[in-house]
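> I'd like to go over a predicted model; first the sequence, then the structure.
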Amino acid sequence: MMQFNPYNVIMLLYATFTAFNLPQSPITSEEIEVKENIERMLQEIQNEKEFQLEVEETLDFYNAYEVPGAEKVDLFEEDDGKVYLPEEVICSSVDATISNNYKRQAVEY
């Protein structure tokens, strides 16, 4: 049987988060709720005669034996009357060294 001291856990958490140098901010209701959940969890562990840590290796909604299927997605609906032209990008640092003709050939390739 392993002894559990919640104070040790709190001090370890304090040391971890002090190292991050997080700025102080007003306490929110969500932070109070998280604190209460952690407090309840530590008290439950302390009240147990024995405790065991469990590690979840997958998300609840993920089935390790399910093979994901592929789905075809059309990004553009075909429209014979509409022509999509690429936008011309101008790079000032290399614009003088690369001709427009070379750029068009690169795009067509």
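Now that the structure is in, tell me what you want to look at.

> pull the number of nearby residues for I38.
14 (other Cβ atoms under 10 Å). All C-beta spots, glycine's among them, are computed from the backbone N, C-alpha and C.

> whoops, Q3 was the one
The burial count for Q3: 6, using other Cβ under 10 Å.

> which helix is the longest one in the chain?
helix 29-47 (DSSP state H).

> hmm, who's touching that one?
F4, N5, P6, V9, I10, F51 (Cβ atoms under 8 Å, 6 or more residues apart in numbering).

> now do the buried residues in it.
With burial defined by 16 or more other Cβ atoms under 10 Å, the residues of helix 29-47 counted as buried are L42.

> which positions within the very next helix or strand once past it qualify as buried?
Per DSSP states H and E, the first helix or strand lying C-terminal to helix 29-47 is helix 100-108. Along helix 100-108, no position meets the burial threshold by neighbour count (16+ other Cβ under 10 Å).

> could I get helix 100-108 in PDB with only the CA atoms?
The C-alpha atoms that make up helix 100-108 are tabulated as PDB, following Å, rounded to 0.1, in the frame of the first residue of the first chain:
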ATOM      1  CA  ASN A 100       7.600  36.800 -66.200                       C
ATOM      2  CA  ASN A 101       8.000  34.300 -69.100                       C
ATOM      3  CA  TYR A 102       9.900  31.900 -66.800                       C
ATOM      4  CA  LYS A 103       7.300  32.300 -64.000                       C
ATOM      5  CA  ARG A 104       4.500  31.400 -66.500                       C
ATOM      6  CA  GLN A 105       6.400  28.300 -67.700                       C
ATOM      7  CA  ALA A 106       6.900  27.200 -64.100                       C
ATOM      8  CA  VAL A 107       3.200  27.600 -63.300                       C
ATOM      9  CA  GLU A 108       2.200  25.700 -66.500                       C
END
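
> fine, thanks again, bye for now.
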